[in-house]
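[1] Could you work out the structure for the sequence below:
(one chain, ligands or ions: 1)
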Amino acid sequence: MAESYRVAILGATGAVGTELLTLLEERDFPLSDLKLLASPRSAGRTLSFKGEVLPVEALDEKAFDGVDIVLASAGGSTSKEWASKAVAAGAVVIDNSSAFRMEPTVPLVVPEVNPQAAASHRGIIANPNCTTILMAVAIYPLHQIQPIRRIVAATYQSASGAGAKAMEEVKAQAQAILNGQEPVTNSFPYPLAFNLFPHNSKLNEQGYCEEEMKMVNESRKIFGSPDLRLTATCVRVPVLRAHSEAINLEFDQPFTPAKARDVLSQAPGVKVVEDWQANYFPMPIDASGQDDVLVGRIRQDISHPCGLELWLCGDQIRKGAALNAVQIAELLVEKNWVKPAVAMAN
Ligand code: A2P
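    Residues are numbered from 1 along each chain as shown. Predicted structure coming up:
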C-alpha cells in the first residue's frame with residue numbers, strides 16, 4: 001500500500017500558501033491529513049480542499065504534533081522561530097523563506113537541477129528565491145553541456161513576490177490613479193502601478209541589493225559551483241504574478257542558438273516559446289498559472305563570440321515558490337527521504 005503523509009501548510013492564507021493548497025489537490029499528493037496554519041489573525045477562517053472545508057488554525061506550540069511534512073511560507077522570522085520546533089516534533093520542513101538557504105547543512109533544492117542534495121537533509125530543506133529557481137531551471141541544462149563562464153541577468157519581478165497584500169495593493173493603486181486619486185502604498189516604498197523601481201531590498205556596500213545577492217549566492221550553491229560568475233539587476237514591475245528575466249550567458253566556446261534551443265526543448269520544466277515571424281515570445285500573462293518556465297528569444301550575443309542571450313518568464317507563485325516546494329515534497333516521498341538520514345545536531 002502506498003504510504004501517505006500528514007502535511008501542514010504554514011502561511012496557508014498567503015499568496016504562496018493558497019497555491020500550495022491548490023497544488024496538493026491538483027497533483028494528488030499522498031496525504032492522510034492536512035493542517036492549515038497561519039497567524040492568529042486568520043484563526044476561524046476556512047479554506048476548501050478536495051471539496052472539504054478545512055479550518056485555518058493559529059500557529060502554536062502543539063501545531064506540529066504528528067505532522068510529517070511542513071510546507072512553510074510565512075516569512076523568514078516565522079520560519080526562524082518555528083522551523084526547529086517542527087523538526088523537534090519529527091517533521092521535515094520545506095521552507096520557502098530565505099532564513100536557512102545559505103546554511104551549509106541545509107540543502108537548497110531545485111528538483112530539476114540538484115535533487116540528490118535533498119537526500120542529506122537534517123530536517124530542513126530550503127526552497128530557493130523565485131528569481132533563482134526560474135533562472136536555474138532554464139540555464140542548468142546548458143551548463144551541463146558546456147560550463148557557463150559568466151551570467152549577466154536583469155529581472156522584471158511581479159508584485160506577487162511581496163505577497164498577497166502587495167498584489168491587492170497594485171490593483172488598488174491602478175484604480176486610484178485611473179480615478180485621479182493618490183495611490184496608497186504600504187507593501188512597497190513607492191507606487192508600483194504605472195511605475196517600476198529597482199528591487200527595494202537592503203543594499204550592501206558594493207551597491208547590490210539582497211535580491212541580487214540571493215541570485216548570486218543561491219545559484220552558486222544549487223549548481224555546486226562556488227566560483228560561478230554572476231551579476232544581476234533586479235527590478236520590481238507592475239505585473240501581478242509572473243517574473244521575467246533577460247539573461248546573458250558567456251561560455252568558453254560558442255554555444256549556438258540552434259543547439260541551445262534543441263537542449264532546452266528537451267529540458268524538464270522548460271517550454272521553448274518562440275515565433276520569430278510573429279515576434280511572439282514569453283510574456284508574464286502566458287506564464288501565469290503554468291508549471292513550465294517559458295524561454296525564448298534565444299540568440300547569439302553580437303558583442304561576444306561565446307555569448308548567448310535568452311529571455312524567460314515563469315510563474316513566481318508556482319515554479320518560483322509553491323510548485324518547487326511541492327516537487328521537493330514529492331521527491332522526498334518517491335525516494336523515501338522524508339525522515340532525515342542524519343539527525344539534526346542540537
Ligand atoms: P495571516 O494571513 O494570518 O497574516 P503573504 O506572503 O501572501 O503575505 O502571506 C504570508 C502568510 O504567512 C500568511 O498566511 C500569514 O497569515 C502567514 N503569517 C505571517 N506571519 C505569521 C506568524 N507570525 N505566524 C503564523 N503565520 C504567519
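[2] In contact with whichever residue of the chain sits closest to the ligand, which residues are there?
    Residue of the chain nearest the ligand, by CB to the nearest ligand atom: residue 14 (2.1 Å). The way it works is simple: take the backbone N, C-alpha and C, and place the C-beta from them, glycine included. For residue 14, the contacting residues are 38, 73-74, 163-164, by CB atoms under 8 Å, 6 or more residues apart in numbering.
[3] same check, this time on residue 55
    Residue 55 makes contacts with 36, 44-46, as judged by CB under 8 Å, 6+ apart.
[4] Residue 36 versus that one, what's the distance?
    7 Å (CB to CB, to the nearest Å).
[5] same thing with residue 20?
    10 Å.
[6] More neighbours: these two, which one.
    Each of residue 20 and residue 36 has its neighbours counted (other CB atoms under 10 Å); residue 20 has more, 30 against 24.
[7] shouldn't that one be in contact with residue 72?
    No - checked against CB atoms under 8 Å, the pair residue 20 and residue 72 is beyond contact range at 9.6 Å.
[8] coming back round to it: what residues do residue 20 and residue 36 have in common as contacts?
    Common neighbours of residue 20 and residue 36 (CB under 8 Å, 6+ apart) are 9, 12.
[9] Measure how far stretch 148-158 is from the centre of its chain, please.
    Remark: stretch 148-158 is offset 15 Å from the chain centroid, using CA atoms, centre = their mean, to the nearest Å.
[10] hmm, who's touching it?
    130-131, 135, 139, 142, 196, 199, 211, 215, 219, 228-237, 239-252, 284, 306, 316.
[11] Can you flag which of those belong to helices?
    130-131, 135, 139, 142, 211, 215, 219, 284 (DSSP state H).
[12] Return the residues of this structure in contact with the ligand.
    With CB under 6 Å from any ligand atom as the criterion, the chain comes near the ligand at residues 11-17, 38-39, 41-42, 59, 74-75, 78, 163-165.
[13] before we move on, back to that, now the contacts of residue 55 as a markdown table including pLDDT, distance to residue 312 and secondary structure?
    A markdown table is the format used below for the contacts of residue 55 (pLDDT from 0 to 100; distance: CB to CB, whole Å; DSSP: H, G, I helix; E, B strand; the rest coil):
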| residue | pLDDT | distance to residue 312 | secondary structure |
| --- | --- | --- | --- |
| 36 | 98 | 32 | strand |
| 44 | 93 | 41 | coil |
| 45 | 97 | 35 | coil |
| 46 | 98 | 37 | strand |
